[in-house]
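Engineer: Give me coordinates for this.
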Amino acid sequence: MQFRAGIAAVVIAAIFGCSSRRPHQRAGSPAIPDGARVVSEKSGGPPADSFEGSVKPMLARNCTPCHVPGGKMYDRLPFDNSDVVRLRLDNILGRLKAVEDRTLLEEWAKLPPAVH
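Structural biologist: As a prediction, the model looks like this:
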């Protein structure tokens, strides 16, 4: 009986022990310290925590075809513009369905504007 309790404790620790990862971070990726700027996997690409490196691609996945160039809402609300996204943050958060996408956008919004 104690053996089973020990195994259960190990399994629970393995499942919940990954809490140091950010919600939008893939399993197996190293934890990113708060405030750190990480260069994207592509050499010379935008930092992974910047608008160009993380938020813009996520919005393109979720908000296409309307809020990308050529879309019916692009002229009024271009989601490739970080200033527009910041101004409409609450509305966008309300439309995103995936928790990790909302968390990514919220974390980006907390960064100083220079990182955007």
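
Engineer: Helix or strand: which one has residue 75?
Structural biologist: Using DSSP states H and E, residue 75 is not contained in any helix or strand.

Engineer: ugh, wrong one, I meant residue 85
Structural biologist: Secondary structure (DSSP H and E) places residue 85 in helix 82-87.

Engineer: So what touches that helix?
Structural biologist: 51, 55, 56, 59, 77, 78, 79, 92, 105, 109, 116 (CB atoms under 8 Å, 6 or more residues apart in numbering). (C-beta placed from N, C-alpha, C; glycine too.)

Engineer: now, which of those residues sits nearest residue 70?
Structural biologist: Using CB to CB, residue 78 comes nearest to residue 70 of those, at 10.8 Å.

Engineer: Would you check that residue 77 makes contact with residue 71?
Structural biologist: No: Residue 77 is beyond contact range of residue 71, at 9.2 Å (criterion: CB atoms under 8 Å).

Engineer: re the thing from before, got a winner among the contacts of helix 82-87 for most neighbours?
Structural biologist: Among the contacts of helix 82-87, the one with the most neighbours (other CB atoms under 10 Å) is residue 55, at 25 neighbours.
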